[in-house]
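Q: how does the following fold in three dimensions:
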Amino acid sequence: MKSYTSTTKGGDFIGYADVDVFDWLVVVILPGPGCERRRIFIVPRDVADERSYHAERRDGRGFRVNKVVETLADYEDNFALLRRP
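A: Numbering: from 1, shown residues only. Okay, the predicted model is just below:
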């Protein structure tokens with residue numbers, strides 16, 4: 001699970017290494033500037049890989065925090081663990 005509270009505008013990201021082993025990625029954006037409530041996105045690994053960008057410096061994948069909501073919107077509050085909500 002990855003959690004984040006935004007403290008700056010743009011440039012913030014959530015990432016994971018290609019070698020990390022997991023079936024589901026959970027991104028929790030905590031309340032803070034620009035986000036008034038907690039947001040939870042529960043995404044299958046293959047979807048996370050498809051929708052993320054290649055983070056070459058980190059040898060993995062990533063999401064820009066300011067884009068998570070639009071990129072993973074269909075997986076917000078996916079507590080039923082639906083592979084394709």
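Q: over to V19: give its phi and psi.
A: phi -80, psi -10 (degrees, to the nearest 10).
Q: read off the pLDDT value for it.
A: At V19, the model reports a pLDDT of 93.
Q: wait, what's in contact with it?
A: D59, G60 (Cβ atoms under 8 Å, 6 or more residues apart in numbering). Bear in mind the C-beta positions are built from the backbone N, C-alpha and C, glycine included.
Q: that one and D49: what is the separation?
A: As for V19, its distance to D49 is 13 Å (criterion: Cβ to Cβ, to the nearest Å).
Q: before we move on, what about F63?
A: From F63 over to D49 (counting by Cβ to Cβ), the distance is 11 Å.
Q: neighbour-wise, which of these two wins?
A: The neighbour count for F63 versus D49, taken as other Cβ atoms under 10 Å, is higher for F63 (25 against 15).
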